[in-house]
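Engineer: fold the following.
(3 chains)
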Amino acid sequence: MKVRLLATLRNITDCKGVELEAENLQQVIDILIDNYGKDMEDELLEDGELDETITILINGRNILYLDGLETELNSDDKVTIFPQVAGG
Amino acid sequence: MQKTLLINPKKCTGCRTCELVCSLEHEGEFNPSLSRVTMINFPEEIVTIPVTCFHCQEPSCRQACPVGAIEKDDEIGAVVIDDNQCIGCNMCLMVCPIGVISMAGSSSKSHHAKCNLCDGEPECVDFCPGGALEYGRPDEVLWERKKKMAKHLRNLLEEAI
Amino acid sequence: MSGWMGQILRIDLDNEQVTVERLDRQLAKDYIGARGLGTKLFYDEVDPKVEPLAPENKLIFATGPLTGTAAVSGSRYNVVTKSPLTGTIAASNSGGYFPSELKYAGYDAIVFEGKAEKPVYIVIDDDQVEIKSADNLWGKTTLETDNYLRSEYSDKFKTATIGPAGENLVKFACIMNDRERAAGRSGVGAVMGSKNLKAVMVRGTQGVQVANKDKFKQVLKKSLDKIKESGVTNEGLPALGTAVLVNIVNEHGNLPTRNFQEGIFKEAEQISGESLADELLVKNKACAGCPIGCGRVSLVPDGEYEGFGEGPEYETIWAFGADCDIDNLKAITKANFICNELGLDTITMGTTIACAMEMYEDGVLTDEEIGLNLEFGNAQAMVEAVGLTGKREGIGDLLAEGSYRLAERYGKPEYSMSTKKQEYPAYDPRGSQGMGLEYATSNRGGCHVRGYMTSPEILGVPESLDPFTVEGKAEWTKIFQDLTGVVDASGICLFTTFALDAEDIYKLLESVTGAGYTEEEMMQAGERIWNLERVFNAKAGIEPDEDKLAKRLVEKPMPEGPAEGKVVDLETMLDEYYELRGWSSNGEVTEEKIAELGI
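Structural biologist: From the prediction side, this is the model:
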């Protein structure tokens, strides 16, 4: 599936997103941390849990209104991850 | 080694916080016209540069002062005017090549508004959000800059390999 | 007085008379300043039925008690007048250096009244005020005007000026200060133009007093720490500017595309904050006293869209980009620069072009009529249309009236994506219900900076709310609107609220003014400002049935993406909102409410 990374997360990955295979979001997080190391871990996790300031969307829907990290994924789903940002 | 104030104009976003906290500290009000540090704006190029006393090694103001009221404080690195001795003749203001000695506000006890590095804890440095103003031993401050440049070069080399 | 300077400058342009009045302490406390104080002064002095471009309308520049202080981003002023675009109260907010300088010259506000016989500009040098002929400046761009004035006087002066758009009474002309900061919305620049007032320049040497210096420094430190700790204000905004939102809002399926026909712009990446930073960004730029520095300085080095200046912001990128189906960031940036030079609100400009594009594609506007190929996606035509509008040439004369009057002229007002004749900004409320309520109830028409519900619904700040539901949205909207009133009135920037809460703002306000506010009183001042604006609008003939949205948003389901099938459930939220506001069930401000707030 496609995982898109936005805003300052791209400073870590140096790319706009990655293609990977995962059954649920927890696996996505694990793979990202495996691939990008401590910088990614510091961004995504706080005391081992998903950092509250990280937003994850599945097909544009915030996982807070789905099943959180347990949300199951299909191979054609689009995952979007970004840190807390604002503008206007 | 003596500490000094260093300006890094590249980091200046033009927010003028330095002027505001300086005037608050020394005049008790927000008033850039009485600030010891002044942000100079070049609007066409959209560039801003903070200018303040450079605390010269050979201060012209000290040489010009007829009553010997100006000394360099070696501990904090500041060229300071002794208010008790100063007679308000404005010679220092006239000879300063940087133009950073100005007339004090009407409510001030001093005759002049001039940076004294806040007795070693400069407010402007403390509050500068962009890190454009630094205060420290020049070798340490410059070391950090050198390191940053070296890191940049290292990354370029890595890419080249 | 601390915080306030205690003086109001009144400039009668009919008789070239300048007077200085004392600011009433209680009035200042009750309405704080800027948007609040300006609106109160305006309300007390001007007939709500006044024709906006007539000499009887007044134009007020008002600062807040925190303007000119180091209170985080205390750099703002509001331009208050009756809007020629909406017929409602207009309060347009801008930062930069000019607002602080106005305080240093000794004034909380300037009231301009009447109309100069010939074009003039005004020089304010502390207590010396001169009215000078602007014959040689009329027709000049904002940058040319600023260049001339600074070279003629001292470059220590700060200026606010209109461009040709304001002179030509374009209904959404803005007032530009410090070259490229804009009091952008609702056509305040046209009112300035109608008064033959080209520019105001100001220089001051007086100080803003602080009631409790030690307390202030302590509160400031804490506030700055919060701003540093917040990813929004310490990383996101400095690194990517407001345009960081392009991708994020698009991923939610809420980025209005092709005049709000769709919610996903396929080429969003190309016009995103990330792309801007990679391709055009030169550096960041901050307003006075601001630790965030969201401003962008951009350069298009060569080619047909060559240019250098400030911008583009998120809203601008969207209006000229996704809303017009244009993915050329250089063209968008160029359109922004032209708007700055001519003095045009980028949001209404872009969305009016988008509206015209849809009318053109549907055959309502024809080639012969407009002489421009206004197909969606035509970047060249878009940039050309901006220039024509500022000068009111060709099709520009029609566009200069804004999207509502353009569409209404052809009997098709439904093409205009606006409330109270002011165009919406860059969030489709079908996928962000609370934002729909904000658009519908905003006292100046379609607007995002009166109660920014995008913050909880899309950005999760201060907490996350489900963007698709309506429960609780009325209450959130009310609180946001009242707090925004306080922030605007105090003279700091709304962006601080991404990191600071009401208590922080209260402490800043109270330590500077020492006016004896309680936090509740401060919030009540926000509610007072909101209700006063509403009362003015009612007297101006803007009735509660104007609290509505463009038909498309309430009747036509979003065609695709995460919000597919959604419309805005406005009625439900509106009923709850009126009740929470303590208004009648059909939205009138009650006598009891007026008495309670002491309006």
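Engineer: contacts, neighbours, all on C-alpha from now
Structural biologist: Noted.
Engineer: would you say B:Cys56 is within a helix?
Structural biologist: No. With DSSP: H, G, I helix; E, B strand; the rest coil as the criterion, B:Cys56 is coil rather than part of a helix.
Engineer: residues from chain C in reach of chain B?
Structural biologist: C:68-70, C:104, C:179, C:204-210, C:213, C:284-293, C:297, C:309 (C-alpha under 8 Å from any C-alpha of the partner chain).
Engineer: what do you get if the cut-off is 7 Å, keeping everything else the same?
Structural biologist: C:68-70, C:104, C:205-210, C:284-291, C:293 (C-alpha under 7 Å from any C-alpha of the partner chain).
Engineer: inside strands: which ones of the residues you listed?
Structural biologist: The members of those that map onto strands under DSSP state E are C:208-209, C:284-285.
Engineer: outside of the longest helix anywhere in chain B itself, list whatever touches it.
Structural biologist: The longest helix of chain B (DSSP state H) is helix B:138-160. Residues outside helix B:138-160 that contact it (C-alpha atoms under 7 Å, 6 or more residues apart in numbering or on different chains) are B:3-4.
Engineer: rerun that using 10 Å as the cut-off
Structural biologist: B:1-6, B:134-137, B:161 (C-alpha atoms under 10 Å, 6 or more residues apart in numbering or on different chains).
Engineer: in TSV, list these along with pLDDT.
Structural biologist: Formatted as TSV, those follow (pLDDT from 0 to 100):
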residue	pLDDT
B:Met1	81
B:Gln2	86
B:Lys3	90
B:Thr4	90
B:Leu5	92
B:Leu6	91
B:Glu134	93
B:Tyr135	94
B:Gly136	91
B:Arg137	89
B:Ile161	64
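Engineer: could you turn the buried ones of these into a PyMOL selection?
Structural biologist: Here is the PyMOL selection string for the buried members of the contacts of helix B:138-160, based on 16 or more other C-alpha atoms under 10 Å in any protein chain shown:
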select buried, chain B and resi 3+4+5+6+134+135+136+137
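Engineer: excluding chain neighbours, what is closest to the residue most central in space within chain B?
Structural biologist: For chain B, the residue nearest the mean C-alpha position is B:Thr52 (3.6 Å; C-alpha atoms, centre = their mean). Excluding the flanking residues, the one nearest B:Thr52 by C-alpha to C-alpha, 6 or more residues apart in numbering or on different chains is B:Val37, at 4.5 Å.
Engineer: wait, that neighbour sits on B:Cys118?
Structural biologist: No. B:Val37 lies out of contact with B:Cys118 (C-alpha atoms under 10 Å); the separation is 11.9 Å.
Engineer: hmm, back to that, the contacts of helix B:138-160 in strands, which ones?
Structural biologist: Short answer: these in strands (DSSP E) are B:4-6, B:134-136.
Engineer: and the residues you listed, which is closest to chain A?
Structural biologist: Ranked by distance to chain A (C-alpha to the nearest C-alpha), these are led by B:Glu134 at 26.3 Å.
Engineer: one step back: which among the contacts of helix B:138-160 gets closest to C:Lys222?
Structural biologist: B:Glu134 (21.1 Å; C-alpha to C-alpha).
Engineer: so which bits of stretch C:144-151 are buried?
Structural biologist: So for stretch C:144-151, counting by 16+ other C-alpha under 10 Å, buried means C:145-147, C:149.
Engineer: save the ones in strands among the contacts of helix B:138-160 as a markdown table, and put in distance to C:Thr333 too.
Structural biologist: A markdown table is the format used below for those (distance: C-alpha to C-alpha, whole Å):
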| residue | distance to C:Thr333 |
| --- | --- |
| B:Thr4 | 41 |
| B:Leu5 | 38 |
| B:Leu6 | 35 |
| B:Glu134 | 35 |
| B:Tyr135 | 38 |
| B:Gly136 | 41 |
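Engineer: what's the closest of these to chain C?
Structural biologist: B:Glu134 (16.2 Å).
Engineer: tell me how far the nearest residue to the closest one once chain neighbours are set aside lies from C:Lys551.
Structural biologist: Closest residue in space to B:Glu134, ignoring its immediate chain neighbours: B:Leu6 at 5.1 Å, by C-alpha to C-alpha, 6+ apart. Distance of B:Leu6 to C:Lys551, given as C-alpha to C-alpha, to the nearest Å: 59 Å.
Engineer: now do C:Lys221
Structural biologist: C:Lys221 is 48 Å from C:Lys551, by C-alpha to C-alpha.
Engineer: what does C:Val219 give?
Structural biologist: C:Val219 is 47 Å from C:Lys551, by C-alpha to C-alpha.
Engineer: was I right to think C:Thr351 contacts C:Phe376?
Structural biologist: No. Contact between C:Thr351 and C:Phe376 fails when scored by C-alpha under 10 Å: they sit 11.9 Å apart.
Engineer: overlap of the contact sets of the two?
Structural biologist: C:258-259, C:322-324, C:357.
Engineer: for the residues you listed, name the two members farthest from one another.
Structural biologist: C:Ala322 and C:Met357 (12.4 Å).
Engineer: quick one, which of the two is more surrounded?
Structural biologist: Ranked by neighbour count (other C-alpha atoms under 10 Å in any protein chain shown), C:Ala322 and C:Met357 place C:Ala322 first, with 33 against 27.
Engineer: dihedrals phi and psi, that one?
Structural biologist: Per-residue torsions, C:Ala322: phi -50, psi -40 (degrees, to the nearest 10).
Engineer: what do you get for A:Asp77?
Structural biologist: phi -70, psi 150.
Engineer: residues near it, how many?
Structural biologist: 14.
Engineer: neighbour-wise, which of B:Val37 and B:Cys118 wins?
Structural biologist: B:Val37 (25 against 14).
Engineer: which strand or helix spans the residue lying farthest from the centre of chain C?
Structural biologist: With distances taken from the mean C-alpha point of chain C and given as C-alpha atoms, centre = their mean, the most distant residue is C:Glu368, at 35.0 Å. For C:Glu368, the element it lies in under DSSP states H and E is helix C:367-370.
Engineer: from the ones in strands among the contacts of helix B:138-160, pick the one nearest C:Asp545.
Structural biologist: B:Glu134 (57.7 Å).
Engineer: re earlier: now the residue farthest from the centre of chain C: how far from chain A?
Structural biologist: 38 Å (C-alpha to the nearest C-alpha, to the nearest Å).
Engineer: at which residues are the helices of chain B located?
Structural biologist: Counting by DSSP H, the helices of chain B are B:17-27, B:60-64, B:91-95, B:123-127, B:138-160.
Engineer: which residue is the nearest non-sequential neighbour of C:Leu372?
Structural biologist: C:Ala381 (6.5 Å).
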